[in-house]
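> predicted model and sequence follow; I will ask about them next.
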Amino acid sequence: MILKLNHLRGETAAATQEVTAALYALLEEGQIPQDQFSRLRVHLDWIQYKQNFRDVVMAAPVDPEPGEQTAPFIDVFVDTRQVVPGATDLRATILSAIAHATSCTAPQSPGCDRLLLEDFTSFRTSIAWSFNSLYWRRLDEWEKSTGKSYEQALPGGSSDASHPDGVADSVADFWTLLQDMEKKKQLPPEIFILELGVGAGARCGLWLNKFQALDRQRGTHFYLKLRVLLGDYSLATLDMSRPAVKDHVDLCSFMVIDALNPLKTLSFLRHKILYVHSSNMYDNLPDEEFLRRDGRLYLVQVRMYLQMADARRIGATFGVQLERMRFVIGRMLEGDPDYVGYRAHGIAFWKEVYKAARLEERMTRFENLPDSPLPTVLDIAKLEDILAAAPDDLRFHVSSGALESFCNTLPLLHPRGYLQVQDIFVTSLNTYALGFHGPGKLDGSVVNWVNGALLKEVGERVGYDVHFAPFRYRTGSKTNILYTTPRD
Ligand SMILES: C[S@@+](CC[C@H](N)C(=O)[O-])C[C@H]1O[C@@H](n2cnc3c(N)ncnc32)[C@H](O)[C@@H]1O
């Protein structure tokens, strides 16, 4: 058995002894046969999101080598934060996770203690993302039911994007660019800027207030030339953002834009936008994970489920029979407000289901997949090249949604323009060896760290300079700022 400790904090590694003791007891009792024991790779994780998609123990089978006689490895992940010393029955939990991983691989089999909500798929196409988009589409109803805004669910209770000093620096940088362009007679008559994934619009409002004030103070006349595009795929957030920019509304256009391909809606602005900004949105775009081990690549496939006990409890509370549960959840994800009688009941059902939702995993070899799992901007040679200096046993995000968005935004940039993204980036692939980086749940949404190292490589290969700077305005912030400009 290989034991991997992913903690950086001693106190959370306290469960290590309990986990090894449970595994040895199972081995000695013969409940885990020796052959199986030798094939276990146990990962002890300290998961940073309180709400996530993990059970205390999850076991994931790995596709066997073709023609291989012996059975393959089984990855066992233990979320040590959920282990209550002395109270969690680790032996039963480990045993049941391994039994599930080795036997319940087919669609819903009789006796399975989980209600499966989908078949195995890449995380990118999992219904987890349907929950996420439902949340943004119906944000007002969710917030009304919790009495809290989504920003209060963020670490620190507010968005780093709206930090006044950060916004002031961003305004000053942009003003300096405009001043320089004016001097060089490069300034266009209309100055286009784009905010992608506006949320409640707080940052945009603050940015415009500060820009207007600086423009007045310096006696320049840039403000009235601004054309501000606020883009989001949710009408609910676009409506919410309007009051935040009320003093500048004549300059603003509110546009339904899918951040995966802003070019589709904004192609008339190709090479015209001087400043594109987004924050906490890349971490909210569909993503998937790959595993590289012993020189081979695997796609981490997932399947969403409810523990049968949770499914029964939720069914009993909301009057939904177990057999109808999948159907009712499907209706709910399509956005039908009447899926369990009246609306408030429906919102409560949605919240309970999402809270209980878990993901199980299996590692599928690339060769065994019917289609290439690579995003269009990446081919296998490029990926191998990028991974050349990374640790051999590496599980990492592909951030395919962020990559797609990034590549479909860059062509909008004016030759002197720039893209600034504030988010939780993994800036070196080595960091993936240091533990879990999502996905987690923030209220009703999905949050996932973004593979910034991959974004940088891809951006540089298509002619852009990509830099990261730590967000220095709040101590303890995990945010980095990605800054991209077209290369000369
Ligand atoms: C976590 S909020 C961040 C809001 C704001 N930028 C902030 O930092 O507070 C994510 C925002 O991205 C939007 N979003 C998520 N996926 C999107 C997509 N594919 N296209 C456009 N907007 C998207 C959501 O509707 C939401 O407004």
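Yep, that arrived.
> from now on I want contacts and neighbour counts done on CA atoms only, so please keep to that.
Noted.
> next one: the worst-scoring helix or strand of the chain on mean pLDDT to chain centre, how far?
Within the chain, no helix or strand scores below helix 150-153, which has a mean of 80 by mean pLDDT, DSSP states H and E. Taking C-alpha atoms, centre = their mean, to the nearest Å, the mean C-alpha location of helix 150-153 is offset from the chain mean by 16 Å.
> what does it rub up against?
Helix 150-153 has contacts (C-alpha atoms under 8 Å, 6 or more residues apart in numbering) with Glu143, Gly157, Ser158, Ser159, Leu442, Asp443.
> what are the buried residues along stretch 262-269?
By 16 or more other C-alpha atoms under 10 Å, the buried positions in stretch 262-269 come out as Pro262, Leu263.
> could you do stretch 444-460 as well?
444-459.
> tell me which of those fall in helices.
Gly452, Ala453, Leu454, Leu455, Lys456, Glu457, Val458, Gly459 (DSSP state H).
> can I assume Val57 is in contact with Ala97?
Yes - at 6.4 Å, Val57 counts as touching Ala97 under the criterion of C-alpha atoms under 8 Å.
> for these two, indicate the residue with more neighbours.
Neighbour comparison, Val57 and Ala97: the larger count goes to Val57, with 22 against 19 (by other C-alpha atoms under 10 Å).
> before we move on, the earlier item: lowest-confidence entry in the contacts of helix 150-153?
Lowest in pLDDT among those is Gly157, which has 73.
> which one of the ones in helices among the buried residues of stretch 444-460 is nearest Thr376?
Val458 (11.3 Å; C-alpha to C-alpha).
> ok, now which ones touch that closest one?
Val377, Leu378 are the contacts of Val458 under C-alpha under 8 Å, 6+ apart.
> picking up where we left off before, for the least confident helix or strand of the chain, which positions count as buried?
Tyr150, Glu151.
> and for stretch 34-44?
Gln36, Phe37, Arg39, Leu40, Arg41, Val42, His43, Leu44.
> inside strands: which ones of these?
Leu40, Arg41, Val42, His43, Leu44 (DSSP state E).
> is the third one in contact with Asn6, as I believe?
So the one you mean is Val42. No - using C-alpha under 8 Å, Val42 is not in contact with Asn6; the gap is 10.4 Å.
> compute the number of surrounding residues for the closest residue in space to Asp140 that isn't next to it in sequence.
Sequence neighbours aside, Ala236 is the residue nearest to Asp140 in space, at 6.8 Å (criterion: C-alpha to C-alpha, 6 or more residues apart in numbering). Look at Ala236: counted by other C-alpha under 10 Å, it has 18 neighbours.
> of all the contacts of helix 150-153, which two lie farthest apart?
Among those, Glu143 and Ser159 lie farthest apart (C-alpha to C-alpha), at 16.2 Å.
> the chain against the ligand: which residues are in contact?
136, 159, 161, 197-199, 232-234, 237, 257-260, 278-281, 284-285 (C-alpha under 6 Å from any ligand atom).
> ok, back up a step: let me see the contact set for the residue nearest to Asp140.
Ala236 makes contact with Trp136, Arg137, Arg138, Leu139, Asp140 under the criterion C-alpha under 8 Å, 6+ apart.
> other residues contacting the one helix or strand the first one maps to?
Taking DSSP states H and E as the criterion, the element that holds Trp136 is helix 128-137. Among residues not part of helix 128-137, those counted as contacts by C-alpha under 8 Å, 6+ apart are 142, 234-237, 286, 304, 333-335, 354, 444-446.
> show me what secondary structure element comes after that helix.
As assigned by DSSP H and E, the chain's next helix or strand after helix 128-137 is helix 139-146.
> what is that next one packed up against?
Here helix 139-146 touches helix 235-244, helix 343-356, going by 3 or more C-alpha pairs under 8 Å, 6 or more residues apart in numbering; DSSP states H and E.
> show me what the longest one is packed against.
Put plainly, it is helix 343-356. Where contact means 3+ C-alpha pairs under 8 Å, 6+ apart, helix 343-356 is packed against helix 139-146, strand 296-307, helix 308-318.
> tilt between that helix and helix 128-137?
Inter-element angle recorded for helix 343-356 and helix 128-137: 140 degrees (by axes from the mean of the first three to the mean of the last three C-alpha atoms, to 10 degrees).
> buried stuff in helix 343-356?
Neighbour counts over helix 343-356 (16+ other C-alpha under 10 Å) mark Gly346, Ile347, Ala348, Phe349, Trp350, Lys351, Val353, Tyr354, Lys355, Ala356 as buried.
> quick check: which ranges of the stretch 151-300 of the chain have low pLDDT?
Scanning the stretch 151-300 of the chain for pLDDT under 70 picks out 155.
> what segments of it are strands?
191-196, 226-232, 252-256, 273-279, 289-293, 296-307 (DSSP state E, counting those that start in this stretch).
> and those strands: which comes nearest Tyr418?
Here strand 273-279 is closest among the strands of the stretch 151-300 of the chain (C-alpha to C-alpha), at 5.3 Å.
> what helix or strand is the residue lying closest to Ile481 once chain neighbours are set aside on?
Using C-alpha to C-alpha, 6+ apart and skipping residues adjacent in sequence, the residue nearest Ile481 is Gln422, 4.5 Å away. Applying DSSP H and E as the criterion places Gln422 in strand 413-423.
> quick one: strands adjacent to that strand?
Here strand 413-423 has these sheet partners by DSSP bridges: strand 273-279 (parallel), strand 480-486 (antiparallel).
> run through who's touching the next helix or strand after it.
Scanning forward in sequence from strand 413-423 by DSSP H and E, the next helix or strand is strand 425-426. Residues from elsewhere that reach strand 425-426 (C-alpha under 8 Å, 6+ apart): Tyr432, Trp449, Val450, Asn451, Gly452, Ala453, Thr479, Asn480.
> for the ligand, state which of these is nearest.
Proximity of those to the ligand was ranked by C-alpha to the nearest ligand atom; the top entry is Thr479 with 10.8 Å.
> on that earlier part again, want to throw the ones in helices among the buried residues of stretch 444-460 into JSON lines with pLDDT?
Converted to JSON lines, these look like this (pLDDT from 0 to 100):
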{"residue": "Gly452", "pLDDT": "95"}
{"residue": "Ala453", "pLDDT": "93"}
{"residue": "Leu454", "pLDDT": "93"}
{"residue": "Leu455", "pLDDT": "94"}
{"residue": "Lys456", "pLDDT": "93"}
{"residue": "Glu457", "pLDDT": "91"}
{"residue": "Val458", "pLDDT": "90"}
{"residue": "Gly459", "pLDDT": "90"}
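> nearest to Phe366, of those residues?
Leu454 (19.0 Å).
> so what's the closest one up against?
By C-alpha under 8 Å, 6+ apart, Leu454 lies in contact with Ile386, Val398.
> could you chop this structure up by domain?
1-103, 152-286+378-486 (automatic domain parsing).
> just name the most buried of the ones you listed.
domain 152-286+378-486 (a mean of 18; mean count of other C-alpha atoms under 10 Å).
> next one: that one to chain centre, how far?
15 Å.
> next: stretch 277-290.
5 Å.
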